[in-house]
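Asks: this is the structure alone, sequence omitted:
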């Protein structure tokens, strides 16, 4: 088991007891569950961050929207400065500060309505009231696996190799143990983690096999391919031959490794805490690192780029070009994904008539 915070190990039984108590209350019907008019597709994870939910939410929103569905996204808007329930308006300085970095990115990439608020049932009601009735409508509930106050039609959970070997909070990063996957309708596994891994002691079971052994007949497993998209025309050389990367994501080492694998010769990666709100001193620090290493420019993620103000971008570009890289998720079989979603969603519509 991975122990990120070994000093917190004595608190794990307390956290586990709280989870068990909540489950018992739900089974007894003492914790209410609210149901929206439209079906809800929840996209979540076992871990507190870094599973890659946002690119999958974007991919699902595009897939459904392009196939005639009225779709929106309901998000908590983690770390946002705004209050109450709001529809995200991307594209202005500090929009990420008001709505949250991931909701702004989702809205900008998909063009579908994104609503933020701690009460996602009320956010869903607002979303339904804002558009004309369409029998092919659905909500995407971002980071919803543990948000069980809202009823869902389909529960999708992303799982990584790190999740399967991690420990519960607060010593590890798991919000629930892998056995919770039995609640899921679909588990998504990264393509590079489907096959068995060779070790000194022979082939180790792949993430895909370990997940399938857990699921058995209880759910489906989808495969997703994660790729970095570099802006034209220079692609991986868009920030020169000696770029410095910076990011505020849950697993910065994954981003650094993907850059190297793609042939982008990053000389250093400056990592900030996940969802970190950039200020002038942060930008000064990134610039100082670049200058000390004779860096040629900067590389960051789209999630980070939405938090950069115009003044921050201008400051960086005094030293070198800023290249914004997109992390995209692509389903191995998008047609099968669409069929599975529509089968379940349309069945709900028939029952509701």
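Replies: Nice, thanks for sending it over. These figures come from a predicted structure and were not determined experimentally.

Asks: list the contacts of the residue lying closest to residue 82 once chain neighbours are set aside.
Replies: With C-beta to C-beta, 6 or more residues apart in numbering as the criterion, residue 82 has its nearest non-adjacent residue at 4.4 Å, and that residue is residue 98. Where C-beta positions appear, they are placed from N, C-alpha and C, glycine not excepted. Residue 98 makes contacts with 80-82, 86, as judged by C-beta atoms under 8 Å, 6 or more residues apart in numbering.

Asks: wouldn't residue 218 be in contact with residue 186 here?
Replies: No. Contact between residue 218 and residue 186 fails when scored by C-beta atoms under 8 Å: they sit 10.6 Å apart.

Asks: show the subsequent helix or strand relative to the helix or strand containing residue 303.
Replies: Using DSSP states H and E, residue 303 sits within helix 302-305. Beyond helix 302-305 on the C-terminal side, the first helix or strand identified by DSSP H and E is helix 310-317.

Asks: what packs against that following helix?
Replies: Contacts defined by 3 or more C-beta pairs under 8 Å, 6 or more residues apart in numbering; DSSP states H and E place helix 310-317 against helix 280-292.

Asks: quick check: mean pLDDT of the longest helix along the chain?
Replies: Of all the segments assigned as helix in the chain under DSSP state H, the longest by residue count is helix 334-352. Here the mean pLDDT over helix 334-352 is 85, rounded to a whole number.

Asks: buried stuff in that helix?
Replies: Within helix 334-352, the residues that count as buried by 16 or more other C-beta atoms under 10 Å are 334, 337-338, 340-342, 344-345.

Asks: what about that helix, distance to the chain center?
Replies: For helix 334-352, the distance from its own C-alpha centre to the chain's C-alpha centre is 23 Å (C-alpha atoms, centre = their mean, to the nearest Å).

Asks: what does stretch 212-227 give?
Replies: What separates the centre of stretch 212-227 from the centre of its chain is 17 Å, taken as C-alpha atoms, centre = their mean.

Asks: mind listing residues that contact it?
Replies: Contact partners of stretch 212-227, identified using C-beta under 8 Å, 6+ apart, comprise 52, 55-56, 59, 156, 158, 178-179, 181-182, 184-191, 194, 205, 208, 211, 258, 327-333, 336-337, 340.

Asks: which residue ranges of the stretch 101-250 of the chain form helices?
Replies: Listed in chain order, the helices of the stretch 101-250 of the chain (DSSP state H, counting those that start in this stretch) span 101-110, 120-129, 161-164, 207-215.

Asks: who's more crowded, residue 218 and residue 186?
Replies: The neighbour count for residue 218 versus residue 186, taken as other C-beta atoms under 10 Å, is higher for residue 186 (20 against 12).

Asks: touching, that one and residue 336? I think so.
Replies: No. Using C-beta under 8 Å as the test, residue 186 is too far from residue 336 to be in contact (11.0 Å).

Asks: in the protein, which residue is most central in space?
Replies: Centroid check for the chain by C-alpha atoms, centre = their mean gives residue 53 as the closest residue, at 2.4 Å.

Asks: spit out the contact partners of residue 164.
Replies: If a contact means C-beta under 8 Å, 6+ apart, then residue 164 has 178, 207, 210-211 as its contacts.

Asks: what does residue 210 give?
Replies: When the contact criterion is C-beta under 8 Å, 6+ apart, the partners of residue 210 are residue 164.

Asks: any idea how far it is from residue 12?
Replies: Taking C-beta to C-beta, to the nearest Å as the measure, residue 210 falls 22 Å from residue 12.

Asks: and residue 284, by the same measure?
Replies: Spatial separation of residue 284 from residue 12 under the definition C-beta to C-beta is 39 Å.

Asks: between those two, which is the more surrounded one?
Replies: When neighbours are counted by other C-beta under 10 Å, residue 12 comes out ahead of the other of residue 284 and residue 12, with 18 against 11.

Asks: quick one: the more buried one and residue 168 touch, right?
Replies: Yes. Counting by C-beta under 8 Å, a contact exists between residue 12 and residue 168, whose distance comes to 5.2 Å.

Asks: about what we covered before: what do residue 218 and residue 186 both touch?
Replies: Listed as contacting both residue 218 and residue 186 by C-beta under 8 Å, 6+ apart is no residue at all.

Asks: tell me the domain ranges of this structure?
Replies: According to the domain assignment given by automatic domain parsing, the chain is divided into the following structural domains: 6-226+330-352, 229-327.

Asks: circling back: now the two most distant members of the contacts of residue 164.
Replies: Across these, no pair lies farther apart than 178 and 207, at 10.6 Å, counting by C-beta to C-beta.

Asks: overlap in contacts of these two?
Replies: Jointly contacting residue 178 and residue 207 under the rule C-beta under 8 Å, 6+ apart are 159, 164.

Asks: please say which of those two ends up with more neighbours.
Replies: Taking other C-beta under 10 Å, residue 178 and residue 207 do not tie; residue 207 has more neighbours (25 against 18).

Asks: let's test this: name the helix or strand in this structure with the lowest mean pLDDT.
Replies: strand 197-199 (a mean of 48; mean pLDDT, DSSP states H and E).

Asks: related to what we said a few turns ago, CSV for the contacts of residue 164, including pLDDT and distance to residue 30?
Replies: Below are the contacts of residue 164 laid out as CSV (pLDDT from 0 to 100; distance: C-beta to C-beta, whole Å):
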residue, pLDDT, distance to residue 30
178, 93, 26
207, 86, 36
210, 87, 34
211, 88, 32
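
Asks: which one of those is nearest residue 303?
Replies: Residue 303 lies nearest to residue 207 out of the contacts of residue 164, by C-beta to C-beta, at 23.8 Å.
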